[in-house]
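J.: next input, structure requested:
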Amino acid sequence: MSQMTLKQLEAFYWAATCGSFAIASEKLHISQSSLSKRLVELEMALKRPLFNRDGRRAILTADGRAFLPRAKSLLNHVDEVVASVSAAEAIQGRCRFGVGEIAASSWMPRLVSSLRILHPQLKLELYVDLGVELETNLLSGKLDGAIIAKSSSHPALESIPLAQAEYIWVAGKNLLKPGSLVEDAIADFPIVTMAQHAGSTSLLDNWRLRSKAVPCEVIESNSMATIAGLVAAGVAIGYLPKGWLRPMLRNNAIVPVLTNTPLDKLNYRFYWRRDDYRPVISALREMALKVADYDAPFLML
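T.: Just a heads-up that it's a prediction; the model follows:
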């Protein structure tokens, strides 16, 4: 009688929880044909069909749904054993990590280089996007972890506080008279901000409520670098991370703008799937806690 293996259990678990054979095969770094072979072998060992194979989606049968919590328990036990024996050696393979533009263009290279020294067999792949997209890809299994500013209460995700970013109002150096307030300037100039699904848009919403500023024209962009360029060109007033902007402030390409209502700080959190107990997640989380620095300057300036 054939016996189930760890590789078969992994194939079943990720196909079941990702809801996609394609995503599961990518996560395990194997071809879809290899994934399918492992699933068939597992079904033969259990003498039960685990998936309804009537399309590309990984839809569980009743037997598959019943087996899922048992498979999860077995895999968690294996991870605990591996971690207790030699966690460093277990951290290898490909890990897909999602971040926002600010982290990617400032302190993220330090995270990558630090992980490379500690875990040379780990291949970290970075994906830069807005928080809502990172969350979607994390839930689907396309990402293993992500740093997101926008809060999530999804029951499938776990998170811990990571760091804060201090935002300030800025404008082109010749746009406003010295001593001008943002509250007054927005009557004549638009505000440029990230798109609505970005975490930093909540800072503008909260500022408007607390300052009771009059409605104004808003220009949206999905790029912080573009926003900085528009501000420097005198197209609009903007708000950006103070540390990230340090080179532009030092060169006087843009200047701070006074306000009677300071912007809130933006809280960033490290997210991962609640059901993912692999040692690589712990290693990534611990390193992010050590090196995350949203006061770091934009590296390209």
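
J.: can you map out the helices along the stretch 101-250 of the chain?
T.: Ranges of helices in the stretch 101-250 of the chain, per DSSP state H, counting those that start in this stretch, are 101-104, 108-118, 131-140, 182-185, 201-211, 224-232, 246-250.

J.: so of those helices, which one's packed in deepest?
T.: Most buried of the helices of the stretch 101-250 of the chain, by mean neighbour count (mean count of other C-beta atoms under 10 Å): helix 101-104, with a mean of 22. Glycine gets a C-beta too; all of them are placed from N, C-alpha and C.

J.: centre of the chain versus that helix, how much separation?
T.: The chain centroid and the centroid of helix 101-104 are separated by 10 Å, computed with C-alpha atoms, centre = their mean, to the nearest Å.

J.: just the CA trace of that helix, in PDB.
T.: The C-alpha trace of helix 101-104 is given here as PDB (Å, rounded to 0.1, in the frame of the first residue of the first chain):
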ATOM      1  CA  GLU A 101       7.300  52.200  -2.700                       C
ATOM      2  CA  ILE A 102       8.800  54.000   0.300                       C
ATOM      3  CA  ALA A 103      10.300  50.900   1.800                       C
ATOM      4  CA  ALA A 104      11.500  49.600  -1.600                       C
END
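
J.: any stretches of this structure with poor pLDDT?
T.: 1-2, 54-56, 79-90, 300-301 (pLDDT under 70).

J.: nearest residue to the middle of it?
T.: Ala146 (2.7 Å; C-alpha atoms, centre = their mean).

J.: could you find the closest non-adjacent residue to that one?
T.: Gly98 (3.6 Å; C-beta to C-beta, 6 or more residues apart in numbering).

J.: can you get me a residue count around the one you found?
T.: For Gly98, the neighbour count with other C-beta atoms under 10 Å is 27.

J.: am I right that it is in a strand?
T.: Yes: checked against DSSP: H, G, I helix; E, B strand; the rest coil, Gly98 lies within a strand.

J.: what sits against Ile237?
T.: 169-171, 175-176, 182, 185-186, 189-192, 231, 257 (C-beta atoms under 8 Å, 6 or more residues apart in numbering).

J.: confirm that Cys95 sits in a strand.
T.: Yes: judged by three-state DSSP, Cys95 forms part of a strand.

J.: what number of residues lie near Thr259?
T.: Around Thr259 there are 19 residues (other C-beta under 10 Å).

J.: isn't it right next to Ser211, touching?
T.: Yes: the criterion here is C-beta atoms under 8 Å, and Thr259 meets it with Ser211 at 7.3 Å.

J.: show me the common contact partners of these two, please.
T.: Common contacts of Thr259 and Ser211, defined by C-beta under 8 Å, 6+ apart, comprise Glu183.

J.: how close does Lys27 sit to Tyr13?
T.: 10 Å (C-beta to C-beta, to the nearest Å).
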